[in-house]
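*Asks:* predicted model and sequence follow; I will ask about them next.
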Amino acid sequence: MQILRDATPEDAEAIARFHVEVWRQTYRDMAPPAVFQALDVAARLPRWQMLLTAADGRHGTILAEEGGTLAGFGHYGAPSHPAFGALGEVKNLYIARRFARRGIGRKLLRAMAGRLREQGYPGVGIGVVTTNHPARAFYEAEGGEHIASYIDPGPNWRSSNVIYAWHGFAAFGCLG
């Protein structure tokens, strides 16, 4: 059974490990080798500890669990780049390969859209590495519109990205 829940500070290490595992699978052939090697659990853990203990109301992390196992997570909040305009941003959406195609990504995306709507954003945007074709296909299938491109400022990888957006919340069904 799939369960969505808010992450707590106690989840930081599990999220950091999961993030590294899925990120490395996803970006193995896209990221520069030095970045690929540098982004390990030791590098990710302090960031997740900080994100999960900062209670500023501007961001949040939702975990998806299946059978008691972390299957995916999403992190959302205020836009990080001017190209997003007034849209709330889905900053991370990662699903473990062994849990792919079970609707988890869709559920997490909808849950984050609901949270961003509650925060008063007029819609949702997500930046995707230009060469991440599976993710791009997913967001297009979910009704995302390619609205802009930008270069991620780093600090680790100045990747070329595209932004998919949902203006309003009708595409998220029950959020109408």
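*Replies:* Sure thing, it's come through. Residues are numbered from 1 along each chain as shown.
*Asks:* please count neighbours and contacts with C-alpha atoms only from this point.
*Replies:* Fine.
*Asks:* got a list of what R110 touches?
*Replies:* Residues in contact with R110 (CA atoms under 8 Å, 6 or more residues apart in numbering) are F172.
*Asks:* helices along the chain, start to end?
*Replies:* Applying DSSP state H to the chain gives helices spanning 12-27, 33-38, 41-53, 104-118, 133-141.
*Asks:* among the ones you listed, which is the most enclosed?
*Replies:* Mean neighbour count (mean count of other CA atoms under 10 Å) peaks for helix 104-118 among these, with a mean of 20.
*Asks:* where does the chain have low pLDDT?
*Replies:* The chain contains residues with pLDDT under 70 at 55, 174-176.
*Asks:* center of it, which residue is that?
*Replies:* N92 (1.6 Å; CA atoms, centre = their mean).
*Asks:* please verify my assumption that it contacts H75.
*Replies:* Yes - the pair N92 / H75 is scored as a contact, 5.0 Å apart, by CA atoms under 8 Å.
*Asks:* so I147 is in contact with W166, correct?
*Replies:* No - taking contacts as CA under 8 Å, I147 lies outside contact range of W166: 9.6 Å.
*Asks:* L4: which of the helices of the chain is closest?
*Replies:* helix 104-118 (7.6 Å; CA to CA).
*Asks:* distance from stretch 124-138 to the middle of the chain?
*Replies:* In terms of CA atoms, centre = their mean, to the nearest Å, the centre of stretch 124-138 is set 10 Å apart from its chain centre.
*Asks:* swap that for stretch 28-46, sorry
*Replies:* 17 Å.
*Asks:* and for that stretch, what are the contacting residues?
*Replies:* In contact with stretch 28-46 (CA under 8 Å, 6+ apart) are residues 12-13, 16-17, 19-20, 24, 27, 131-132, 156-157.
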